[in-house]
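Engineer: sequence first, then the predicted structure, then my questions.
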Amino acid sequence: MSLQIDRLWQGLLDTLMMVGVSSLAALLLGLPLAVILVITDRENLFANPLLNRLLGWLVNLFRSIPFLILMVALIPFTRMVVGTTYGVQAAIVPLTLAATPFFARIAEVSLREVDKGLVEAAQAMGFHRRHIIWHVLLPEARPGIVSGYTITLVTMINASAMAGAIGAGGLGDLAYRYGYQRFDTQVMITVIVVLVALVTLLQLAGDRLSRRLNHR
C-alpha cells in the first residue's frame, strides 16, 4: 500500500511538472502570438496581411496534428532540445508545441471581442499603438484569456496522461503500467479520481479568477 502511494505521489508530481513547465511556456509564447494575430489583421493597429496569414497557417498546422502523432514526429527535435526522448523532460517539448497554438487561438478570440469603440477612443486620445495593446486590449480581454488558459491547462492534463502511456511518466504512465498491464482496477480508479479532482480544482480556480477580473 505504501509503495502504491509513493508511486501515485511521484506520478502526480511528474504530471504537475509536465503541465506546469509546458503551460508556462505556452502562456509566454501563445499570448504574444495571439496579440500579433490580432494587431496584424486588416485595418488593425499594425496591419500586415502577409504576416497574419503566415502565422495563421502555422497555428492551424500545429493545431490540426493529433497529439500522439505530434509526439512521434517531434522525436528528433525533442532529442536535440533535451537530449532524450523518454521521460518528463521529453514530454514537455511536444506538450508546449501542442498547447501554444491552441491557447493562441483562444486568446485571439478574446482579444477580438474587445469593444472596438474603446480602441478608437484610445486612438482619438492620442495613445500610441503599443499603449493601446497594454492598456486597452489586454486588460479588457483578461477574463476571456484566463478562461481560455484554464481550458488549455485541462487539455494539457489530458495530453500528459496520453504521453505518460507511451513512456513520458506521470499519472498516465502509472495507469498504463500498473493499472492496465497488470489488470489492477484499483490503480486505474485511483488515477482517474486524482485526474478528475485535479481538473475540477483547476477549472474552479480559473472560473473564479475570470469572474473577479470581469468588471463589465
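Structural biologist: On my side now, so go ahead.

Engineer: burial check on Met17, number of neighbours?
Structural biologist: 17 (other CB atoms under 10 Å). In short, each C-beta sits where N, CA and C put it, glycine included.

Engineer: and it, how far from Ser23?
Structural biologist: Distance of Met17 to Ser23, computed by CB to CB, to the nearest Å: 11 Å.

Engineer: and Val59, by the same measure?
Structural biologist: Val59 is 18 Å from Ser23, by CB to CB.

Engineer: pLDDT below threshold where in the chain?
Structural biologist: Judged by pLDDT under 70, the chain has its weakly predicted residues at 1-4, 165-167, 180-181, 215-216.

Engineer: biggest helix in it by residues?
Structural biologist: For the chain, the helix with the greatest residue count under DSSP state H is helix 2-39.

Engineer: which strands and helices sit next to the helix or strand just after it?
Structural biologist: Using DSSP states H and E, the helix or strand that follows helix 2-39 in sequence is helix 49-63. When contacts are defined as 3 or more CB pairs under 8 Å, 6 or more residues apart in numbering; DSSP states H and E, helix 49-63 packs onto helix 2-39, helix 88-112.

Engineer: out of these, which is closest to Val199?
Structural biologist: helix 2-39 (10.7 Å; CB to CB).

Engineer: now the closest one against helix 88-112, angle please.
Structural biologist: 40 degrees (axes from the mean of the first three to the mean of the last three CA atoms, to 10 degrees).

Engineer: what about helix 2-39, distance to the chain center?
Structural biologist: Counting by CA atoms, centre = their mean, to the nearest Å, helix 2-39 is centred 7 Å from the centre of its parent chain.
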